[in-house]
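Engineer: Curious how this folds, go ahead:
(4 chains)
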There are 2 protein chains.
Amino acid sequence: MVVTGVPQDRTGDARAFSSSKLSVLRKHPIFCELDSAALDQLCRYAKHATLKRGATIFSKGDPGNFLIAVVSGTVKISVSSPDGRSAILNLIGAGEIFGEMSVLDQQPRSADATANTNCEIFIIDRREFIPFVRSQPALAMKFIELLCTRLRWTSDQVEQVILQNLPGRLASALIRLTEKHKVAGGGRTIAVTQQEISEMVGMTRESINKQLRVWSTRSWVRLEHGAIVVLDAGPLQALAEAGCEEDD
Amino acid sequence: MVVTGVPQDRTGDARAFSSSKLSVLRKHPIFCELDSAALDQLCRYAKHATLKRGATIFSKGDPGNFLIAVVSGTVKISVSSPDGRSAILNLIGAGEIFGEMSVLDQQPRSADATANTNCEIFIIDRREFIPFVRSQPALAMKFIELLCTRLRWTSDQVEQVILQNLPGRLASALIRLTEKHKVAGGGRTIAVTQQEISEMVGMTRESINKQLRVWSTRSWVRLEHGAIVVLDAGPLQALAEAGCEEDD
DNA sequence: CTGTGAATGTGAGGCAACTCACATCGGGTC
DNA sequence: GACCCGATGTGAGTTGCCTCACATTCACAG
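Structural biologist: Numbers count the residues shown, from 1 in each chain, chains lettered A, B, ... in the order given. Sure, this is the predicted structure:
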């Protein structure tokens, strides 16, 4: 029901991870300003787990009893229709947390979370976490910021999907993804498959592929296996902002 | 830039509104648990204003220096593309608040807000409000809940727009709107025009009209001027959950 | 009760994106 | 290196929704 097919902390010794837990949590923007004592307490709550690609972390409709910090790998947040199509709402990478919404508002999970690659995660239980938040007032403000970030991301997605056509949506998605992993320099590699992009923008893989091919002949992007490299963000930015214009 | 073409509190006497302010704010789920002293303080911060239909409250990209409580009327939260098409992200009715996101995270407005009907509103400035929130720890938790509600609403919208076809999207939108103004009883009237619905689901008014006509012949809905009455939510619910199925 | 503008109703024709049906490529594993 | 499977590339035919171009109805102001 919770983490399926996943042995939890095979060492059996929680302290074996406590130093790495500390260093991982300390780096997270949500927790980085906590004092050592608080971080230490949080580490004791955090349970370590490893997941195989494809493992279900939670499903839409589940009660939301825990939040998750991703140590390595990526997690896919998605919803799916009865006929098998699915929409990717977000991809959560190393150093990010997710699943906080249901923990905070006690409502059921609003989407599915699955391991998109093999993953290493920390699980923090609601029963321990909520009192912890109450004891750390600054943490509530951090969560407000996090929720605002999520809301902006999701609103952007609505805006694109409703207002833009294929080239515009794809360009917007690429820009959003390059901005997420803010790396300096011109060529930004986005580690997603074309299938994944297609599920993020709500169009078919075939259509996405054809558009990307066009752009690759113009050297706006380079296509690799399991990745897209944005070579020239300029024209893509222009397309993303144009709303529903031509691509040619 | 802020409230355009709007005389602010024409009486010139803030106290003339203080009792009504109090009664309005007290009713709001965000503020209802505050003690009288705190509510009183909040009322002193709240500036009263009336807006004509179509008035701009804020625009996408503006700095977010105030939050708004709607006393009467409805406010439209929308984004628009350069070619004039627009997408409605939310409709805010009497008793609700909006514009909190930019106030909380200090980022620019992510959408436009305009008076969808003549409105009466309270404006609360960020400079006064943020210290107030910090002095009322319970209020932060309330805002976390509010943001979670917004996030669920917006995620739902993404899900619908990506996964569903016209009948499914329209059905989902109608269900969501009936649930928002939770009124007991079978026939629920939704006070929106077909144009507005079309901008919420991202399809043309013509397409929406044709679908609604089909449903009205089956007595699932009744069409009125500026409103849609849901007579039988059952089949609509089924369509909304079916994802991308037929409507017949 | 008459004019006016917003909201609604309806049809004909077009096209962007989908569906389906493949071929190809790459990176693993045995 | 032989196999396999997931990812990518590509074309031909189909369709759901859009576009455009109107008629009609309602609400309200004068």
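Engineer: Chain A: strands as residue ranges?
Structural biologist: Assigned by DSSP state E, chain A shows strands spanning A:47-51, A:56-58, A:66-72, A:75-80, A:86-92, A:97-98, A:112-115, A:119-125, A:188-190, A:221-224, A:227-230.
Engineer: Those strands into TSV, with extra columns for mean neighbour count and distance to residue B:233?
Structural biologist: (C-beta placed from N, C-alpha, C; glycine too.) Putting the strands of chain A into TSV (neighbours: other Cβ atoms under 10 Å in any protein chain shown; distance: least, Cβ to Cβ, whole Å) gives the following:
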stretch	mean neighbour count	distance to residue B:233
strand A:47-51	20	39
strand A:56-58	23	29
strand A:66-72	21	34
strand A:75-80	22	22
strand A:86-92	22	24
strand A:97-98	20	33
strand A:112-115	22	26
strand A:119-125	21	37
strand A:188-190	18	42
strand A:221-224	16	46
strand A:227-230	18	43
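Engineer: To DNA strand D, which of these lies closest?
Structural biologist: strand A:221-224 (4.1 Å; Cβ to the nearest atom of the strand).
Engineer: I'd like to know which of the strands of chain A is closest to DNA strand C.
Structural biologist: Between the strands of chain A, strand A:221-224 lies closest to DNA strand C; by Cβ to the nearest atom of the strand that is 7.7 Å.
Engineer: Neighbouring strands of that closest one in the sheet, and parallel or not?
Structural biologist: strand A:227-230 (antiparallel) (DSSP bridges).
Engineer: Just checking the strand it pairs with against DNA strand C, any contact.
Structural biologist: No. Legend: contact between strand A:227-230 and DNA strand C by Cβ under 7 Å from any atom of the strand is lacking; minimum distance shown is 10.2 Å.
Engineer: Ok, stretch A:88-102 next?
Structural biologist: No. On the criterion Cβ under 7 Å from any atom of the strand, stretch A:88-102 is out of touch with DNA strand C, staying 14.1 Å away.
Engineer: Show the contacting residues for residue A:66.
Structural biologist: Neighbouring residues of residue A:66 by Cβ atoms under 8 Å, 6 or more residues apart in numbering or on different chains: A:2, A:99, A:103, A:123, A:124, A:125, A:126, A:129.
Engineer: Those residues of chain A touching DNA strand C, which are they?
Structural biologist: A:165, A:166, A:167, A:202, A:203, A:204, A:206, A:207, A:225.
Engineer: Show the buried residues in those residues.
Structural biologist: A:166, A:167, A:202, A:203 (16 or more other Cβ atoms under 10 Å in any protein chain shown).
Engineer: how about the most centrally placed residue in chain A, what does it touch?
Structural biologist: Nearest to the geometric centre of chain A sits residue A:92, at 2.0 Å (Cα atoms, centre = their mean). Counting by Cβ under 8 Å, 6+ apart, residue A:92 makes contact with A:70, A:74, A:75, A:76, A:77, A:98.
Engineer: Please repeat the previous calculation with a cut-off of 7 Å.
Structural biologist: Counting by Cβ atoms under 7 Å, 6 or more residues apart in numbering or on different chains, residue A:92 makes contact with A:70, A:74, A:75, A:77, A:98.
Engineer: Which two of the contacts of residue A:66 have the greatest separation?
Structural biologist: A:2 and A:129 (15.0 Å; Cβ to Cβ).
Engineer: ok, back up a step: with the contacts of residue A:92 in mind, which one is nearest to chain B?
Structural biologist: For those, the minimum distance to chain B (Cβ to the nearest Cβ) is 9.2 Å, reached by residue A:77.
Engineer: quick one on the thing from earlier: the residue nearest to the centre of chain A bridge partners, please.
Structural biologist: residue A:75.
Engineer: pLDDT score assigned to it?
Structural biologist: The confidence metric pLDDT takes the value 93 at residue A:92.
Engineer: and what of the one 10 residues further on?
Structural biologist: Each residue has a pLDDT score; the one for residue A:102 is 97.
Engineer: who are the neighbours in contact with the closest residue to it other than its chain neighbours?
Structural biologist: Distance criterion Cβ to Cβ, 6 or more residues apart in numbering or on different chains; nearest residue to residue A:102, sequence neighbours excluded, is residue A:64 at 2.1 Å. Counting by Cβ under 7 Å, 6+ apart, residue A:64 makes contact with A:99, A:102, A:103, A:108, A:109.
Engineer: about what we covered before: among the residues of chain A next to DNA strand C, which one lies nearest to chain B?
Structural biologist: Of those, the one sitting nearest to chain B (Cβ to the nearest Cβ) turns out to be residue A:202, at 3.5 Å.
Engineer: For that closest one, list the residues it contacts.
Structural biologist: Here residue A:202 is in contact with A:87, A:161, B:161, B:162 (Cβ under 7 Å, 6+ apart).
Engineer: Quick check on the residue nearest to residue A:102: phi, psi?
Structural biologist: Taking degrees, to the nearest 10, you get phi -100, psi 90 for the backbone angles of residue A:64.
Engineer: Isn't residue A:197 up against residue A:211?
Structural biologist: No. Residue A:197 is beyond contact range of residue A:211, at 10.1 Å (criterion: Cβ atoms under 7 Å).
Engineer: So between the two, which is more surrounded?
Structural biologist: residue A:197 (22 against 19; other Cβ atoms under 10 Å in any protein chain shown).
Engineer: Burial check on residue A:161, number of neighbours?
Structural biologist: Neighbours of residue A:161 using other Cβ under 10 Å come to 23.
Engineer: interface residues of chain A facing chain B?
Structural biologist: A:79, A:81-83, A:85, A:87, A:89, A:101, A:104-105, A:107, A:110-111, A:137, A:140-141, A:143-145, A:147-148, A:150-152, A:154-155, A:157-159, A:161-163, A:202, A:242-244 (Cβ under 7 Å from any Cβ of the partner chain).
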